[in-house]
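Visitor: Here is a sequence with its predicted model. Questions after.
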Amino acid sequence: MAVVVAALGLAMAGNADASAASSAPAAAPQVSAGGKASVATNGLRLRSKPGYSGYVKGQLYRGDRLFIRETYASSSNPWVGVVLTQRSAGGLPKMTRGYVHKSHIR
């Protein structure tokens, strides 16, 4: 709900807070293991392990479909374990496993 409210606030003309709100990071969406999601941005890196130290298996693009296999309860660990449910737009095969930052999926 907070994301929807923020988006509505940005759409209002003459809103003095709109420029400040646009530079603030978006709240991470609620995702749960066993659920489905899709990629919300282009060039999202699918990593071999949670965190920036995992090697990049490939890139995902807006609309690529994912199955959420693993989430973390900690807010300090914003990574989600996923499986591709179809071949990705970047060419990764169906059933490829990896990790993505949860702020880039919906």
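Guide: Perfect, I can see it now. Numbers count the residues shown, from 1 in each chain.
Visitor: This protein: strands as residue ranges?
Guide: 36-38, 44-47, 56-60, 65-70, 79-84, 97-101 (DSSP state E).
Visitor: Now render these as CSV, adding distance to G91.
Guide: Just so you know, the C-beta spots here come from the backbone N, C-alpha and C atoms, and that holds for glycine as well. Listed next are those as CSV, based on distance: least, Cβ to Cβ, whole Å:
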stretch, distance to G91
strand 36-38, 17
strand 44-47, 11
strand 56-60, 7
strand 65-70, 15
strand 79-84, 11
strand 97-101, 14
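Visitor: I'd like these laid out as TSV, including mean pLDDT.
Guide: Shown next, in TSV, are those (pLDDT from 0 to 100):
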stretch	mean pLDDT
strand 36-38	96
strand 44-47	98
strand 56-60	98
strand 65-70	96
strand 79-84	97
strand 97-101	97
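Visitor: Mind putting those into TSV with mean neighbour count and distance to G90?
Guide: Converted to TSV, the strands of the chain look like this (neighbours: other Cβ atoms under 10 Å; distance: least, Cβ to Cβ, whole Å):
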stretch	mean neighbour count	distance to G90
strand 36-38	15	14
strand 44-47	20	8
strand 56-60	18	4
strand 65-70	17	13
strand 79-84	22	10
strand 97-101	20	12
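Visitor: Give the bridge partners for K36, please.
Guide: F67 (DSSP bridges).
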